[in-house]
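Colleague: sequence and predicted structure are below.
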Amino acid sequence: MPNDRPIGIHDLTFRTTSLTLPHTELAQHADVSVAKYHHGIGQRSMSIPAADEDIVTMAAEAAQALIARHGAHQIRTLLFATETGIDQSKSAGVYVHSLLGLPAHVRVVELKQACYGATAALQLATALVRQDLTQHVLVVASDIARYDLDSPGEATQGAAAAAMLIAADPALATIEHPSGLYTRDIMDFWRPNYRSTALVDGRKSLKAYLHALDRAWSDHQERGGRPLHDLRTVCYHQPFTKMAHKAHEHLLRITGTKADLSDIDTALAPTTTYNEVIGNSYTASLYLALSSLLDSSADLDGSPIGLFSYGSGSVAEFFTAQVSPGYRSHLRTAEHHNTIARRGEISYATYRQLHSLTLPTDGGHWDAPLTSAGEYRLTGVHQHQRIYQPTRATEQPAA
Ligand code: HMG
C-alpha cells in the first residue's frame, strides 16, 4: 500500500461547560470598563464548569460524538492532552475510554506541555497513522483555565474540550510538513502541583508568545515551509482573542507583508467566534479556532491554512494544513452552536462560590449536585476516587 497518502483531521468537534459568566457581569464587579474586556482583550463571556463537570466530562461528550459517527473499531490509540490533570498517575483518557466503552486493545496516555500538548498529540497521531493507514487515533484536548480571583488573568478564564479523529484521507484537513519548532525554558506561566490556579507574568507571557512565534516561523521557513502569502489565514492559540491579532500583526511585520488593521480583522474574525465566548481553553483553544474557521461562511475547499500552537514554559509549533475539498458536508456547526447556547448564565456570586469549591482531599465522601446539562457528569468523590456516569443514569425519573 503506498505510504504517501494524506493524513490529518478526519473529524473535529468540541464541547464546553454548562455555565457561563458574561464579561458585563465581571466588569461591573471588578469596576473595570467592559470595553477593556470586549475590545481590549476581545472576550465577551467565559465558560465556567459546574461542580459536576471537569476535563473528563467535557472530553467524553466531545469524543462520544466522534464515536457515534465513525465507530470505535479502527481506534488503537487515545491521546489525552491537558494541563488540568485530575491525577498525577492515571491518565484522564482512561476514564474517557471507560465511559465510552472503547475496545480494550487501545493504548491510552496523557500528554502535558501547557497549551501546546494537543499539537504534540496531533503530530504523534499522524505518525501512528503513517505506521498503519487503517488506524484511527482519537486525540482529545480538555482544559479548564483558572486564575486567581481579582487577578489580571481572571477575565481570560474559560473551559472546553476538543476531540479529533486522525486518519488517512481525512475529510477535514491534511496535516502538512514541515513543522517549525521552538522550545525555551521560561517562567511566563506555570502551575505548581499544589495550586489549582495558574501563576503568570502577563507582560512576559505576551512577549514570550510573540518571540516563540518568530522563532517557530523562522524554523518553518528554513525547512521549506509554505510562504505566508500561500496561506488563506492563520489559526492561533488564543489565550484571549486579541492575542491572535497581536500575533498576526507580528507575523506580517517580520515577513515584511503590508496589511492594515481591517485586513487583519478580516483574516482573523472567522477564527475567533468560539473563543470569544468560551475563553481560554488552553490545549483546546487552537482547535476551537480551527473549528470556528471551518464552521464560518468562508469557502476553504483545498485552501492551505497556518496553525500556531504555543504552550507557556515554553514550546511552540508553526505548521500548515490543507483543507479537504468537500469538508463542509462533514462539519458539526449546529452541535457547536448548541454547546455554547445551552450554557446557563450565572451570577457573579455563584461564579465566586464555584471558583472557591474544593473537593475532599481526606478520602471523605462528596456527592456533586446535579447541574450539568452535558451527557456525562462527575457524580462525586469517594475514597479518593472520582466517580463518573452518563448524566441520564443519575437523573431522577420524572414524578
Ligand atoms: P491587564 O494587564 O489587566 O490588561 O491584563 P491591560 O491593561 O494590558 O489591557 C489589556 C488591553 O486592553 C490593552 O490593549 C489595553 O490598552 C486595552 P493592548 O495595549 O494590549 O493592545 N484596554 C482597553 N481597550 C478598550 N477600552 C478600554 C480599555 N482599557 C484597557 N477601556 C493580561 C492583560 C494579558 C496581562 C492578562 O489578561 C493576563 O495576565 N492574562 C493571562 C496570561 C495570558 O493570557 N498570556 C497570553 C500569552 S501566554 C499564552 O498564551 C499561554 C497560556 O494560554 C497558558 C498556557 O500555555 O498554558 C496563557
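Modeller: Noted; the coordinates are in hand. Numbering: from 1, shown residues only.

Colleague: for the residue nearest to K204 when sequence neighbours are not counted, give me its contacts.
Modeller: Leaving aside its chain neighbours, K204 sits nearest to D188 (4.8 Å; criterion: C-beta to C-beta, 6 or more residues apart in numbering). To be clear about C-beta, it is placed using only N, CA and C from the backbone, and glycine gets the same treatment. Applying C-beta atoms under 8 Å, 6 or more residues apart in numbering, we find D188 in contact with V200, D201, K204, S205, A208, Y209, S312, G313, S314.

Colleague: so what does the helix or strand containing the third one touch, helix or strand wise?
Modeller: Under the assignment given by DSSP states H and E, the secondary-structure element containing K204 is helix 202-222. On a contact count with 3 or more C-beta pairs under 8 Å, 6 or more residues apart in numbering; DSSP states H and E, helix 202-222 meets strand 180-183, helix 241-254, strand 304-311, strand 315-323.

Colleague: do you know how far V140 is from A125?
Modeller: Distance check for V140 against A125: by C-beta to C-beta, to the nearest Å, it reads 11 Å.

Colleague: neighbour count winner among the two?
Modeller: V140 (29 against 26; other C-beta atoms under 10 Å).

Colleague: you'd agree that one is up against A62?
Modeller: Yes - using C-beta atoms under 8 Å, V140 is in contact with A62, at 6.8 Å.

Colleague: picking that back up, output the contacts of D188 as TSV; include the columns neighbour count and distance to L268.
Modeller: Below are these laid out as TSV (neighbours: other C-beta atoms under 10 Å; distance: C-beta to C-beta, whole Å):
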residue	neighbour count	distance to L268
V200	21	23
D201	15	25
K204	14	24
S205	21	20
A208	21	21
Y209	26	15
S312	28	21
G313	20	25
S314	23	22
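
Colleague: just give me the closest of these to A171.
Modeller: Closest approach between the contacts of D188 and A171, by C-beta to C-beta: Y209, at 31.4 Å.

Colleague: contacting residues around the closest one?
Modeller: Counted by C-beta under 8 Å, 6+ apart, Y209 has contacts D188, H237, P239, M243, A247, Y310, A316.

Colleague: rewinding a little: for the helices and strands packed on helix 202-222, which one ends up most surrounded?
Modeller: strand 304-311 (a mean of 25; mean count of other C-beta atoms under 10 Å).

Colleague: how about the contacts made by whatever residue of the stretch 151-300 of the chain ends up closest to the ligand?
Modeller: Per C-beta to the nearest ligand atom, G202 is where the stretch 151-300 of the chain lies closest to the ligand, at 2.5 Å. Counting by C-beta under 8 Å, 6+ apart, G202 touches P152, G153.

Colleague: including mean pLDDT and distance to H337, could the helices and strands packed on helix 202-222 go into TSV?
Modeller: Listed next are the helices and strands packed on helix 202-222 as TSV, based on pLDDT from 0 to 100; distance: least, C-beta to C-beta, whole Å:
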stretch	mean pLDDT	distance to H337
strand 180-183	98	33
helix 241-254	97	18
strand 304-311	98	22
strand 315-323	98	21
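
Colleague: residue of this structure nearest the ligand, please.
Modeller: G40 (2.0 Å).

Colleague: next, that residue: phi, psi?
Modeller: Main-chain dihedrals, G40, degrees, to the nearest 10: phi -70, psi -50.

Colleague: roughly how far apart are it and R146?
Modeller: 21 Å.

Colleague: the more surrounded of the two?
Modeller: R146 (22 against 14).

Colleague: my guess is the more buried one meets S196, correct?
Modeller: Yes - assessed by C-beta under 8 Å, R146 is found in contact with S196 at 6.3 Å.

Colleague: for the protein, which residues score under the pLDDT cut-off?
Modeller: Across the chain, residues meeting the criterion (pLDDT under 70) sit at 1-3, 396-399.

Colleague: could you count how many residues lie near K90?
Modeller: Using other C-beta under 10 Å: K90 sits among 14 other residues.

Colleague: what helix or strand is it on?
Modeller: Going by DSSP H and E, K90 is not part of any helix or strand.

Colleague: flag every residue of the stretch 251-399 of the chain that's near the ligand.
Modeller: Contact residues, the stretch 251-399 of the chain versus the ligand (C-beta under 6 Å from any ligand atom): N280, Y282, Y310, G311, S312.

Colleague: if you set the cut-off to 5 Å instead, what comes out?
Modeller: Y282, G311, S312 (C-beta under 5 Å from any ligand atom).

Colleague: what sits against the second one?
Modeller: Contacts for G311 (C-beta under 8 Å, 6+ apart) come out as E83, Q113, A114, C115, Y116, G117, H237, T283.

Colleague: again, 10 Å this time
Modeller: 81, 83, 112-120, 183, 189, 209, 212, 237, 282-283, 286, 317 (C-beta atoms under 10 Å, 6 or more residues apart in numbering).

Colleague: quick one: which of those residues sit in strands?
Modeller: A81, T183, F189, E317 (DSSP state E).

Colleague: run a quick neighbour tally on the third one.
Modeller: By other C-beta under 10 Å, the residues close to F189 number 25.

Colleague: over to the first one?
Modeller: A total of 33 residues lie near A81 under the criterion other C-beta under 10 Å.

Colleague: how far off centre is stretch 304-313?
Modeller: Relative to the chain's own centre, stretch 304-313 is displaced by 12 Å; criterion: C-alpha atoms, centre = their mean, to the nearest Å.

Colleague: so which residue is smack in the middle of this protein?
Modeller: What sits nearest the mean C-alpha location of the chain, by C-alpha atoms, centre = their mean, is A284, with 0.6 Å.
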